[in-house]
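No letters, just coordinates:
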């Protein structure tokens, strides 16, 4: 965040405001974003994950490769070489065939002792030492990438980049994984790789991962392939992927100015467009015509939904668009075939592919002249081209208006009566996503549809608007609309219907457009943007499970009001069979108007607009409640007196009505449900750290006499019927949402539930209980809620602390309704061996310090120094281990400024304790634009933990582990410095007075800060109330949330 300054002169502010106004007014809406051309570079492949020792010993190792670039790489002749700590190197593997690694594709090479379930693409036989290194070599033996566990050694033959990684010498399936799914490469092993406690090797059949903002550098020596490579007798890779051509129309030729301009008929130009959904590196691509006699090399990156203009002769052909200049190669006025070629010379697209006369465009000698524009992204055909109809904004070298749209979206397809006008800024929420049928219809779950609604009193042209899911599918660009709405217009106070695949998805209601791409039933985040990229609206914008809709009744997800902002509470499920309903499914015969009706309202006012529906269950955060202790063996008094304890990890009371605790046993051939306990009552949050306090716990007993607490008023919370098998079962905790909406309370969906216990098996059968003893009646206590591994559970031995009495007055060997013994004992608890098991894993207890919460943009005086500034930003660490540790063994740094290091103070941190370091103490400046926080070991700078946080778009929102110490990182937490992490919270600390907080990010140019934040400046200048009587009436951008006010304007 920015700090306010008191030094402002009104004249300077006025000048800045005028500059902003006239600069914005003069900027073309269609100006393309340009990037400088990039140099041709060596093929880019990196080592993305390594393991030099696994559960199978020293030969249980693998090397995972990854292509982070935007072009395919042929690995024929490449090598993998290993080194030891003395620098002795040896080739482990050589690629002897055309292995084509596609952009975003992995390739797995493993040693003969490799025993993981992911099948290796190729194998080698000579292992790599635990403290050695590995390098990927070009065919000329120069190094493409290297990773090592030893420092560089003379003569630079120990394979390592920058700081080496810490060697791992235990027989455990763990290793190092490159950050950002393999996309990050800072040429420093310690900065690029993160220790992973469980290896996750990926092969050529694994899902592709496309790197955003692909970055290329010019290497010191570039590799030029030759025909002189002679293979040696080395292992032959198996399962090699074969080369695949570049997808058709990955990039398209979108407009051709074959007629030149009024200034000169020789001033020809061609426009390309990227509809692919990812940035494309054009190095090696070519544009050709005249049967290859004219060949124009391309370069640089064309971003998602961006245009690239090629101008003949000089960069002034189009005076207000920067393009790539090419020399010669005139386009004949009688027609040419233009071909766009990928680096492998495959034809990606054509214009006028049949070689006849130009299918569209009119010579500049005519007053009706215009360029040849493409309609949609379908295959080239004469019918796909038309003469530009309007929306003209750019000028030629003489200042004449070009009758075309270079560098921007094409003009709409012509109609006899309407001439399009230039695009104007669209207020946020002017069009909303009003209904989503993510579940399909009763005719087919694939018959999905989406409805938009125009809140304004004016028709809006939706051409080139986009509706995209966060995971990339569906990815809809609104164009090529149906005949009923060729102009893609959404009428004032009207609807626009998108149907998947064809217009029979919804019968009886005309689709405005059809699209492809399936919505996941487990949830999508949909975002609607205008052609300028401004975010207009979202549906389920925070991700996660769909907040409404029913896949069993095919009830659509309806927005409850036309003026309601997107949130989980903004959506309701259309009830089964309840009117109003509109449209029929694909099975309707068109005769009976009451047959096959949809449980939804496509192109009609929502059912939820006119009624007050009862909100349905919503998804519950993972591990908000955990199964913390299980006495599957009963008690010393009676083995049938079993009990189960739940714990509330949140800061809120949770109503358990509708929840179920379910168990499954293994019959020998299949899973069989055993217990199905319908939970009742509420579970309070934990309000005390005292050992004998029972807040936060919920106790279920199989017998009312199973557990008692003499001398207190404490008792059990719920009685249930049934008994757990001593041989082991799976326990599942399911919320009302899992039971009623998702209907996924079963062993196959454990990770979508609230919690699970003993569900580790990958073979289908159930393992024995990981802890607990039927001989001494010691309960199974959970010590690590993050994990379901055997090491997360311990058997209570009867030592203190223990709580409660059994039916015969014996002490319970457990802690029912109290904090677990495993959390507080000073000696390391060990699981008690079960009679049927030959060995019991012994969890180690090394000190474990991890990052727990990071807040990079403060709007509140969190450090209570009387000011709100950058010094209120903080980093929190937590002792996630089971023994005391000294903070002096660690230090903090940032990836953006590795030289700035903060050494942690000499202080002891007990298990579960947190320590907060504000900017005023650490001196570390957390950028609002995103960075990586790193926790390092002070002795050797080895990486202990790291987290990359995204752009801090709003004030007072942190990223945190949920739950503390071991949970997944969550973006958008409620700041809780020194307290348990939370996703929501109450009021922020009270304001301290003084100057108001500047809402701008710390990366904002100084001129913006002067205009917006200084004491006599324009604080709140973008508030629409200053400009119009009602937001959205003018052409300003509606930014209603002051915490988010500069997102659209500045970002």
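Yep, it's here. Owing to the predicted nature of the structure, the values given are computational and were not obtained by experimental measurement.

isn't residue 252 right next to residue 376, touching?
No. Counting by Cβ atoms under 8 Å, residue 252 sits too far from residue 376 to count as a contact (9.1 Å). For glycine as for every other residue, the C-beta is placed from the backbone atoms N, C-alpha and C.

ok, these two, which is more surrounded?
residue 252 (25 against 15; other Cβ atoms under 10 Å).

partner residues bridging the more buried one?
residue 273 (DSSP bridges).

buried set for stretch 448-457?
Neighbour-count burial for stretch 448-457, with 16 or more other Cβ atoms under 10 Å as criterion, is recorded at 448-456.

For the closest residue to residue 80 other than its chain neighbours, give its distance to residue 190.
Leaving aside its chain neighbours, residue 80 sits nearest to residue 93 (4.3 Å; criterion: Cβ to Cβ, 6 or more residues apart in numbering). For residue 93, the distance to residue 190 equals 26 Å [Cβ to Cβ, to the nearest Å].

ok, now residue 563?
Applying Cβ to Cβ to residue 563 and residue 190 gives a distance of 52 Å.

Next: residue 409.
45 Å.

Please apply the same query to residue 61.
20 Å.

ok, the two, which is more surrounded?
Using other Cβ under 10 Å, the more surrounded residue of residue 61 and residue 190 is residue 61, with 26 against 23.

Output the below-cut-off pLDDT ranges for the protein.
By pLDDT under 70, the weakly predicted segments of the chain are 1-42, 154-156, 212-245, 412-428, 611-616, 760-766, 786, 823-847, 966-968, 983-1051.

how does it divide into domains?
Domain segmentation of the chain under automatic domain parsing yields 46-196, 252-387, 425-621, 625-824.

quick one: the last one to chain centroid distance?
In terms of Cα atoms, centre = their mean, to the nearest Å, the centre of domain 625-824 is set 33 Å apart from its chain centre.

for the third one, same thing?
The offset between the C-alpha centroid of domain 425-621 and the centroid of the whole chain comes to 23 Å, using Cα atoms, centre = their mean.

do the same with the first one
Using Cα atoms, centre = their mean, we find the averaged C-alpha position of domain 46-196 to lie 26 Å away from the chain's own average C-alpha position.

all helices for the stretch 501-650 of the chain, in order.
Under the criterion DSSP state H, counting those that start in this stretch, the stretch 501-650 of the chain contains helices at 607-610.

all strands of it, in order?
Counting by DSSP state E, counting those that start in this stretch, the segments of the stretch 501-650 of the chain that form strands are 513-515, 526-529, 535-539, 557-559, 571-573, 625-631, 643-648.

Let me have the domains of the chain in TSV, adding distance to residue 394 as columns.
Formatted as TSV, the domains of the chain follow (distance: least, Cβ to Cβ, whole Å):
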stretch	distance to residue 394
domain 46-196	28
domain 252-387	5
domain 425-621	16
domain 625-824	51
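
So residue 921, which state does it fall into?
Secondary structure, DSSP: H, G, I helix; E, B strand; the rest coil: residue 921 is helix.

Against residue 864, how distant is it?
Per Cβ to Cβ, residue 921 is found 13 Å from residue 864.

Pick out whichever of the two has more residues nearby.
Legend: neighbour count by other Cβ under 10 Å for residue 921 and residue 864, higher for residue 921 (14 against 10).

where's residue 145, which helix or strand?
Element membership of residue 145 [criterion: DSSP states H and E] is strand 143-148.

mind listing what that strand pairs with, with the direction of each?
Paired neighbours of strand 143-148 in the sheet (DSSP bridges): strand 133-137 (antiparallel).

Which residues does the partner strand contact?
With Cβ atoms under 8 Å, 6 or more residues apart in numbering as the test, strand 133-137 has contacts from 45-47, 50, 63, 65, 78-83, 89, 92, 128, 143-150, 158-160, 164.

Surely residue 139 is within a helix?
No. Counting by three-state DSSP, residue 139 is not part of a helix but coil.

How about it: what's its closest non-neighbour residue?
residue 77 (3.3 Å).

In this structure the one you found contacts residue 99, no?
No. Contact criterion Cβ under 8 Å: residue 77 and residue 99 do not qualify, at 10.0 Å.

check contacts around residue 801.
By Cβ under 8 Å, 6+ apart, the contact list for residue 801 reads 691, 815, 818-819, 821, 824.
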